[in-house]
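Engineer: Just a sequence and a predicted model for now, questions to come.
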Amino acid sequence: MDVESVGAEVGQRGRGRGRAAWIAGVAALAVVAGGATYVVTGRDETPKATAGTGATPTATASSTSADIIAEEKLLAGIDATLKGRAAALVAGRLPQFLAFTDPKNAKLVQSDKQLFANLQQLGLKQLSYVRVPTFSPEQRTKLGPGARALRIRMLVQLEGIDQAPRVTQIGYAFAQRGGRWVVVDNDDAEAANRGDSREPWELGPIEVARGRGVLVVSSPGEAKNGRRLVREAEAAIPAVRAATKRAQAGILVVAMAARRSWDSSAITGGHPAGAVAIPNMSPANADASEFKVTGSRVVINPTYRKTSDRFLLAHEFTHAAMAPLGFGAPIWLVEGYAEYVERHLLERSNYSNWVGSQRRDLRKKAIKSLVVLPIDGVFHGDYDEDSYGVAWLIVEYLANKYGVATVNALYAETAAQADDPALRDKSLSKHLKLTETALVAALKKYTGPS
């Protein structure tokens with residue numbers, strides 16, 4: 001649904017309000033779906049040596065004992081540095097934190113000072129670093145003799161927002177200074193292997209606005225917009241909670257001007273998404289090799305940060321609330337439920353006439369030609385932007401016919417399943433006593449809430 005189509009009745013609430021799939025961002029961890037826990041199986045976990053990288057291979061049977069001992073000593077020293085950095089961040093001790101930063105690199109020292117200040121401003125409950133054990137140290141000769149880059153998982157829990165520590169994959173390079181391993185590069189892109197986007201605390205100075213169960217991060221000079229988004233979020237959360245019964249206790253909203261706060265691959269309907277809910281992956285074991293979804297954050301496309309509203313946030317917060325259930329639900333249910341919550345909020349916000357006109361238009365065009373439910377992989381290919389509207393009407397019909405509790409039960413069961421049409425058909429039959437064909441036929445007769 002593009003805001004331009006809303007017209008004068010709703011006004012300019014934000015242009016290009018497309019949505020990306022709610023599981024965006026999970027691929028960086030290379031998880032396996034089909035249950036409550038996700039196991040890291042990424043093909044990039046063990047890098048191969050390439051020209052110019054000087055990658056150091058993992059110790060093998062042919063390695064000498066001296067080589068093995070030297071690498072173990074190197075990794076032990078780096079682990080101690082990571083532990084020291086984490087302890088200093090949690091304790092709020094800047095001098096202790098900077099003791100693990102290369103003092104010869106003034107630009108890096110300033111970057112780490114800003115990183116420290118940002119994390120303190122956000123409010124840390126927990127923070128730790130876990131070195132990815134399958135990633136061999138890579139030489140970084142341009143940073144000095146003996147410099148090594150490593151892939152690291154940074155686990156951050158924000159006070160009052162995150163239910164559990166959320167993992168971010170980062171790359172650090174280290175070198176020895178005065179007998180101690182220190183950070184000489186806090187953003188080694190090759191080791192991190194996470195694309196161009198970055199965490200909000202990595203992007204220079206930030207503004208932070210807090211509300212009931214929400215924290216908004218914005219760019220310098222945009223505190224007013226941050227406070228506006230807090231109010232919009234506080235208006236959206238009750239609508240999400242009323243429908244899903246699952247709204248998370250706290251949620252982070254990123255609304256920055258910096259382009260690198262946004263993943264440019266978040267595309268929907270052929271154009272950039274307006275916002276995306278990114279699941280928080282939290283460790284399920286001590287070595288952070290297995291993960292579970294414990295909530296989500298919402299990142300707003302910088303282009304639309306000043307026009308995004310409670311309605312778009314209600315949509316994304318619905319994705320966030322349902323994320324811990326799993327990734328197996330069909331896209332018509334995932335997007336349709338988020339659209340249902342959003343449009344229900346629109347109706348209760350004096351936009352019922354517009355919602356009614358959208359329902360009538362969809363029935364005349366897209367629903368009239370509907371043959372199968374909008375399917376995964378070609379969600380936009382069947383009906384272009386009408387895919388969201390079609391999905392909305394499916395869920396609205398189900399909610400009115402069977403009740404929201406039944407929709408929630410259907411969602412929970414399909415989300416926990418593997419991506420298997422046969423299992424989905426079985427769930428439809430169990431909860432609705434319908435086949436997909438019968439549901440399509442019933443939808444064609446649906447005229448709206450009675």
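Structural biologist: Yes, it's here. Numbering: from 1, shown residues only.
Engineer: Centre-most residue in the chain?
Structural biologist: By C-alpha atoms, centre = their mean, the chain has its centre lying nearest to Ile278, at 1.4 Å.
Engineer: these two touch, right, it and Gly295?
Structural biologist: No - between Ile278 and Gly295 no contact is recorded; they are 10.1 Å apart, counting by C-beta atoms under 8 Å. Where you see a C-beta, it was placed from the backbone N, CA and C, and this is true even at glycine.
Engineer: that older thread, past the helix or strand harbouring the residue nearest to the centre of the chain, which element shows up next along the chain?
Structural biologist: Under the assignment given by DSSP states H and E, the secondary-structure element containing Ile278 is strand 271-283. Heading C-terminal from strand 271-283, the first helix or strand you meet, by DSSP H and E, is strand 290-300.
Engineer: next helix or strand past that next one?
Structural biologist: Using DSSP H and E, the helix or strand that follows strand 290-300 in sequence is helix 310-322.
Engineer: just the helices in this structure please.
Structural biologist: Taking DSSP state H as the criterion, the chain contains helices spanning 65-91, 94-98, 106-122, 189-192, 223-244, 310-322, 331-347, 352-364, 379-383, 386-402, 404-416, 421-432, 436-445.
Engineer: what would those helices look like in TSV with mean pLDDT?
Structural biologist: Conversion of these to TSV gives the following (pLDDT from 0 to 100):
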stretch	mean pLDDT
helix 65-91	93
helix 94-98	98
helix 106-122	98
helix 189-192	94
helix 223-244	97
helix 310-322	96
helix 331-347	96
helix 352-364	95
helix 379-383	60
helix 386-402	95
helix 404-416	97
helix 421-432	95
helix 436-445	94
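Engineer: Out of the ones you listed, which is the most enclosed?
Structural biologist: Ranked by mean neighbour count, the helices of the chain are led by helix 310-322 with a mean of 27 (mean count of other C-beta atoms under 10 Å).
Engineer: tell me which strands and helices it is in contact with?
Structural biologist: Packed against helix 310-322, as judged by 3 or more C-beta pairs under 8 Å, 6 or more residues apart in numbering; DSSP states H and E, are the following elements: helix 223-244, strand 251-255, strand 271-283, strand 290-300, helix 331-347.
Engineer: how about 6 Å then?
Structural biologist: Using 3 or more C-beta pairs under 6 Å, 6 or more residues apart in numbering; DSSP states H and E as the contact criterion, the secondary-structure elements in contact with helix 310-322 are helix 223-244, strand 271-283, helix 331-347.
Engineer: Nearest approach to Met154 belongs to which of those?
Structural biologist: In this view, these are compared for proximity to Met154 by C-beta to C-beta, and strand 271-283 is the closest at 11.5 Å.
Engineer: and the helices of the chain as TSV, adding distance to Lys142?
Structural biologist: Shown next, in TSV, are those (distance: least, C-beta to C-beta, whole Å):
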stretch	distance to Lys142
helix 65-91	18
helix 94-98	23
helix 106-122	14
helix 189-192	12
helix 223-244	39
helix 310-322	41
helix 331-347	45
helix 352-364	56
helix 379-383	44
helix 386-402	48
helix 404-416	46
helix 421-432	52
helix 436-445	58
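Engineer: quick revisit: please determine how far the residue nearest to the centre of the chain is located from Phe100.
Structural biologist: 29 Å (C-beta to C-beta, to the nearest Å).
Engineer: between the helices of the chain, which gets nearest to Arg198?
Structural biologist: Across the helices of the chain, Arg198 has its closest neighbour in helix 189-192 (9.4 Å, C-beta to C-beta).
Engineer: still on that earlier bit, quick one: the helices and strands packed on helix 310-322 as a markdown table, columns for distance to Pro200 too.
Structural biologist: Below are these laid out as a markdown table (distance: least, C-beta to C-beta, whole Å):
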| stretch | distance to Pro200 |
| --- | --- |
| helix 223-244 | 11 |
| strand 271-283 | 12 |
| helix 331-347 | 23 |
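Engineer: Arg166 is nearest to which of the ones you listed?
Structural biologist: Counting by C-beta to C-beta, Arg166 lies closest to strand 271-283 out of the helices and strands packed on helix 310-322; the figure is 4.1 Å.
Engineer: Buried residues of that closest one, list them for me.
Structural biologist: Counting neighbours by 16 or more other C-beta atoms under 10 Å, one finds that the buried residues in strand 271-283 are 272-283.
Engineer: Spell out which residues sit in contact with Ala323, please.
Structural biologist: 279, 293, 296 (C-beta atoms under 6 Å, 6 or more residues apart in numbering).
Engineer: hmm, I was thinking of Arg241
Structural biologist: Arg241 makes contact with Ala247, according to C-beta under 6 Å, 6+ apart.
Engineer: excluding its backbone neighbours, what's nearest Asp185?
Structural biologist: Spatial nearest neighbour of Asp185, chain neighbours left out: Ala173 (3.7 Å); criterion: C-beta to C-beta, 6 or more residues apart in numbering.
Engineer: Return the residues in contact with the one you found.
Structural biologist: Listed by C-beta under 6 Å, 6+ apart, the contact set of Ala173 reads 140, 143, 147, 149, 184-185, 188.
Engineer: Looking at neighbours, which among those residues is most surrounded?
Structural biologist: Within the contacts of Ala173, Ala149 tops the neighbour count with 26 neighbours, counted by other C-beta atoms under 10 Å.
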